[in-house]
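Student: Fold the following.
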Amino acid sequence: MSKNWLSDFKIQDGGVLVKKTGHTVPFNLGLVNDILTWMSFYSLAQGWRIWQRIQGHRAPRIAFLPDQPRPWYFIWPVMHAAGAIIEKDVNKADVIFHFDDSTLCDADKPDVSHPVKFINFGCNDVSKSLVASTFTRVAGYDLAVDPSDYDGLMVEKSEINAAHDGRIVQGPMEPIEGKSYQRLVDNSIEGDLVEDLRTTLVGGEPTIVFRKRRPLSRRFLNENTDVTLTSPQAVFSAEEIEVIKNFATELGLDWGGVDVLRDKRDGRIYIVDANKTDMGPPVAMPLGQKLRSTRYMARKFRASYGPK
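Tutor: Below you'll find the model as predicted:
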């Protein structure tokens with residue numbers, strides 16, 4: 001992968017095309033503000049990186065295949081806060097991380113001559129249909145619906161990762177190729193807002209939760225008005241945490257994030273999305289909480305993948 005970040009993007013049709021995922025982000029003042037906000041956090045994360053180099057930390061050494069993460073991916077600041085460094089030679093690495101933004105990918109483990117820990121090599125499909133069927137197996141109740149015979153409101157989404165193109169449709173209807181269909185989860189809260197419980201995973205374990213809130217009218221967009229940091233234990237029961245862990249195990253997701261919604265009608269949780277190359281911390285989160293969440297993730301990462 002090119003070291004030039006700009007090579008990841010292309011200006012197209014009044015927006016910014018992310019080449020790897022095919023997703024287009026509208027180019028507007030909101031995007032400019034997000035970039036400037038992210039830069040303040042990036043500057044501090046660079047400070048961690050420089051400090052760790054001064055201290056001479058060299059463990060764990062992480063090799064990324066087939067791509068290396070850019071600084072806007074959550075693993076980048078977490079890795080540097082944990083004292084890890086990127087290793088290009090897999091035969092010198094302590095950890096090998098399969099890092100690929102694609103929805104479907106090949107994730108064959110490389111042959112190495114020494115003991116090594118692998119991350120996400122069991123996760124080669126994060127399509128919405130597989131997420132829904134995996135959730136049904138571990139939770140014991142359905143998220144997916146058959147649009148041809150479902151009588152009611154449902155959510156239509158692209159199968160691909162990071163499209164943010166969800167819309168509410170009325171069933172029954174003929175399904176559209178390349179789309180998945182899910183029940184409409186009522187995750188609305190006071191103030192005409194919806195709340196997503198973005199749960200991050202390290203070693204397949206729920207580690208922290210970002211409570212992300214946005215206007216109900218913009219429920220499918222990644223444009224949060226408020227984000228706060230909390231623990232899984234503060235928002236989930238022990239049984240629900242077990243469901244999330246089992247979901248990660250079934251999907252082969254060692255590191256990443258899952259979007260969990262709680263339906264206020266039945267009180268149940270629903271895992272509606274999974275991301276193996278999650279970005280973060282969320283832009284709308286206060287800087288102090290960004291730093292706190294990154295340090296906490298770094299401690300968990302070091303405990304899971306660092307030398308014993």
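
Student: My guess is Asp100 contacts Ile119. True?
Tutor: No: in this structure Asp100 lies outside contact range of Ile119 using Cβ atoms under 8 Å: 11.9 Å. Placement of C-beta: from N, CA and C, glycine included.

Student: Settle it for me: which of the two has more neighbours?
Tutor: Ranked by neighbour count (other Cβ atoms under 10 Å), Asp100 and Ile119 place Ile119 first, with 25 against 19.

Student: Before we move on, what's the pLDDT of that one?
Tutor: Ile119 is assigned 98 on the pLDDT scale.

Student: If it is in a bridge, with which residues?
Tutor: Phe97 (DSSP bridges).

Student: got a list of what Thr225 touches?
Tutor: Residues counted as contacts of Thr225 (Cβ atoms under 8 Å, 6 or more residues apart in numbering) are 193, 213-215, 284.

Student: Which ones among these lie within strands?
Tutor: 193, 213-215 (DSSP state E).

Student: now, the most widely separated pair of these?
Tutor: Arg213 and Pro215 (8.6 Å; Cβ to Cβ).

Student: Residues that sit against both of those two, list them.
Tutor: 193-194, 225.

Student: Among those, which one sits closest to Phe247?
Tutor: Taking the shared contacts of Arg213 and Pro215 together and measuring to Phe247 by Cβ to Cβ, the closest member is Val194, at 21.2 Å.

Student: right, and that closest one touches Ser217 too?
Tutor: No: Val194 lies out of contact with Ser217 (Cβ under 8 Å); the separation is 9.5 Å.

Student: Neighbour count: the two, which is higher?
Tutor: When Val194 and Ser217 are compared for neighbours, Val194 comes out ahead with 19 against 10, by other Cβ under 10 Å.

Student: wait, what's in contact with that one?
Tutor: Applying Cβ under 8 Å, 6+ apart, the residues near Val194 are 187-188, 213-216, 219.

Student: Please check those and keep the buried ones.
Tutor: Buried by 16 or more other Cβ atoms under 10 Å: 187, 213-214, 219, out of these.

Student: For those residues, could you give me JSON lines that also reports pLDDT and distance to Phe135?
Tutor: Below are those laid out as JSON lines (pLDDT from 0 to 100; distance: Cβ to Cβ, whole Å):
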{"residue": "Asn187", "pLDDT": "98", "distance to Phe135": "15"}
{"residue": "Arg213", "pLDDT": "97", "distance to Phe135": "23"}
{"residue": "Arg214", "pLDDT": "96", "distance to Phe135": "22"}
{"residue": "Arg219", "pLDDT": "92", "distance to Phe135": "19"}
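
Student: could those be laid out in CSV, adding distance to Cys123?
Tutor: Formatted as CSV, the buried ones among the contacts of Val194 follow (distance: Cβ to Cβ, whole Å):
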residue, distance to Cys123
Asn187, 25
Arg213, 28
Arg214, 27
Arg219, 26
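
Student: and which of the residues you listed is nearest Val243?
Tutor: Using Cβ to Cβ, these come closest to Val243 at Asn187, 16.6 Å.

Student: The closest one - nearest residue in space that isn't next to it in sequence?
Tutor: Distances taken as Cβ to Cβ, 6 or more residues apart in numbering place Leu261 nearest to Asn187, at 4.2 Å, with adjacent residues excluded.

Student: Quick check: the one you found vs Arg183, distance?
Tutor: Separation of Leu261 from Arg183 (Cβ to Cβ, to the nearest Å): 10 Å.

Student: can you check Ala84 too?
Tutor: According to Cβ to Cβ, Ala84 and Arg183 sit 40 Å apart.

Student: Just want to know which of these two has more residues nearby.
Tutor: Neighbours were counted for Ala84 and for Arg183 using other Cβ under 10 Å; Ala84 has more, 24 against 20.

Student: Could you tell me the per-residue confidence at the more buried one?
Tutor: 87.

Student: Next, find the distance separating it from Trp255.
Tutor: Ala84 is 13 Å from Trp255, by Cβ to Cβ.

Student: Which parts of the stretch 101-250 of the chain are helices?
Tutor: 128-139, 232-235, 238-251 (DSSP state H, counting those that start in this stretch).

Student: Now these in TSV, please, with extra columns for mean pLDDT.
Tutor: Formatted as TSV, the helices of the stretch 101-250 of the chain follow (pLDDT from 0 to 100):
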stretch	mean pLDDT
helix 128-139	97
helix 232-235	98
helix 238-251	98
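
Student: Now the ones you listed in a markdown table, please, with extra columns for mean neighbour count and distance to Gly152.
Tutor: A markdown table is the format used below for the helices of the stretch 101-250 of the chain (neighbours: other Cβ atoms under 10 Å; distance: least, Cβ to Cβ, whole Å):
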| stretch | mean neighbour count | distance to Gly152 |
| --- | --- | --- |
| helix 128-139 | 19 | 17 |
| helix 232-235 | 15 | 27 |
| helix 238-251 | 18 | 24 |
